[in-house]
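Participant: Need the 3D shape of this:
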Amino acid sequence: MRVARAGMYEYQLEAEILHTFVQHGARQPSYESIVAGGANACTLHYVANNARLNDGDLVLIDAGCELNGYAGDITRTFPVNGRFTGPQRDVYEVVLAAQLAAIAAIRPGVALNAPGDAALRILAQGLLDLKLLSGTLDGVLESGAYRQFYMHSIGHMIGLDVHDVGRRKLRGEWRLLEA
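Facilitator: Below you'll find the model as predicted:
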């Protein structure tokens, strides 16, 4: 975030990320980094990383490195110029609230899907509040209308590989989180 500025290219920001990985002992990324400015951030799994970052745009970074045999993976979005516009801040606040709801739902004994479900309810209500969707929260959740804005989930298993193996359900029931 500190080095991002209007006029630089996505690949230049990617180079800063890779430099930071190596500087801290990671010899390689976990996967090809996504650095997507403006409309490119709306392309799922965008990896061209060759566009200019513009003043007033947001930039999405999805990156991770391998260190000590384990893979990392994190996604963050922030304004290229360091300042949100009003609508950008509104969306940011909804996403932050969803993240905090997911974190609050994480504890031993809860089902693996509980954090994602908690985040989804906040995101769907936020889309309604921002007038990006209409109807009721239950209706939006049941119909899947939110999927035009949120087609992914909040996470995946991670460990030795960035998309580590493991079953989300056992005998048809969601796995429970363990301490």
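
Participant: longest helix of the protein?
Facilitator: The residue-count maximum for a helix in the chain (DSSP state H) belongs to helix 86-104.

Participant: So for that helix, what gets flagged as buried?
Facilitator: Under the neighbour-count criterion of 16 or more other CB atoms under 10 Å, helix 86-104 has 88, 91, 94, 98-99, 101-102 buried. Placement of C-beta: from N, CA and C, glycine included.

Participant: domain parsing for this structure?
Facilitator: The chain is divided into the following domains under automatic domain parsing: 1-83, 84-151.

Participant: tell me the SS of the most centrally placed residue in the chain?
Facilitator: With distances taken as CA atoms, centre = their mean, the residue of the chain nearest its centroid is residue 75 (4.1 Å). For residue 75, the assignment made with DSSP: H, G, I helix; E, B strand; the rest coil gives strand.

Participant: Mind listing the residues bridging to it?
Facilitator: Beta-bridge pairing for residue 75 (DSSP bridges): residue 62.

Participant: Which elements pack onto the longest helix of the chain?
Facilitator: On a contact count with 3 or more CB pairs under 8 Å, 6 or more residues apart in numbering; DSSP states H and E, helix 86-104 meets strand 74-79, helix 114-129.

Participant: between it and helix 114-129, how many degrees?
Facilitator: Angle between the axes of helix 86-104 and helix 114-129 is 160 degrees (criterion: axes from the mean of the first three to the mean of the last three CA atoms, to 10 degrees).
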